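**Student:** sharing a model prediction with you, sequence too.
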Amino acid sequence: MPKRRTAQGKMIDMGALIAKNENVRAVGNMKVNARGDHIDSNGNVITPVTEKVAKGYSKTVGHKSAQVTNYKRPSVKRELTKEEIELEQQLEADFEVEQIKKTSK
């Protein structure tokens with residue numbers, strides 16, 4: 001964010017000011033901090049803004065595949081076919097030939 005000059009000629013870095021005060025209670029009646037987290041009367045975060053955004057997005061987008069999840073796909077190991085094994089061996093042989101060419105120069 002760019003630096004701005006005040007009416008008195010002082011420079012203010014708005015990005016640093018925002019980052020410094022992101023956990024400070026915002027002015028108004030919404031009970032949020034400057035980031036948008038829902039906070040209690042002591043300033044403790046009750047609901048983070050990322051959770052609120054994800055919930056709103058899931059309401060807007062009805063398809064289940066578009067829902068925000070922390071699901072990790074399990075790794076599936078399978079046996080290679082004969083053709084795949086032969087191709088892999090050819091690639092290894094080609095790689096060895098290229099290495100020999102590089103060292104002989």
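**Tutor:** Perfect, I can see it now.

**Student:** can you mark which positions in stretch 34-41 are buried?
**Tutor:** 35-37, 39 (16 or more other Cβ atoms under 10 Å). Any C-beta I mention is one placed from the backbone N, CA and C, and that applies to glycine too.

**Student:** output those as JSON lines; include the columns distance to residue 57, secondary structure and pLDDT.
**Tutor:** Listed next are these as JSON lines, based on distance: Cβ to Cβ, whole Å; DSSP: H, G, I helix; E, B strand; the rest coil; pLDDT from 0 to 100:
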{"residue": "35", "distance to residue 57": "17", "secondary structure": "coil", "pLDDT": "88"}
{"residue": "36", "distance to residue 57": "14", "secondary structure": "coil", "pLDDT": "89"}
{"residue": "37", "distance to residue 57": "17", "secondary structure": "coil", "pLDDT": "92"}
{"residue": "39", "distance to residue 57": "22", "secondary structure": "strand", "pLDDT": "92"}
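
**Student:** among the residues you listed, which one sits closest to residue 51?
**Tutor:** Among the buried residues of stretch 34-41, residue 37 lies closest to residue 51 (Cβ to Cβ), at 9.0 Å.

**Student:** separation between the residue nearest to that closest one when sequence neighbours are not counted and residue 27?
**Tutor:** Leaving aside its chain neighbours, residue 37 sits nearest to residue 45 (4.6 Å; criterion: Cβ to Cβ, 6 or more residues apart in numbering). Per Cβ to Cβ, to the nearest Å, residue 45 is found 18 Å from residue 27.

**Student:** could you do residue 49 as well?
**Tutor:** For residue 49, the distance to residue 27 - Cβ to Cβ - is 17 Å.

**Student:** among these two, which residue is more densely surrounded?
**Tutor:** Neighbour totals were compared for residue 49 and residue 27, and residue 49 leads with 14 against 7 (other Cβ atoms under 10 Å).
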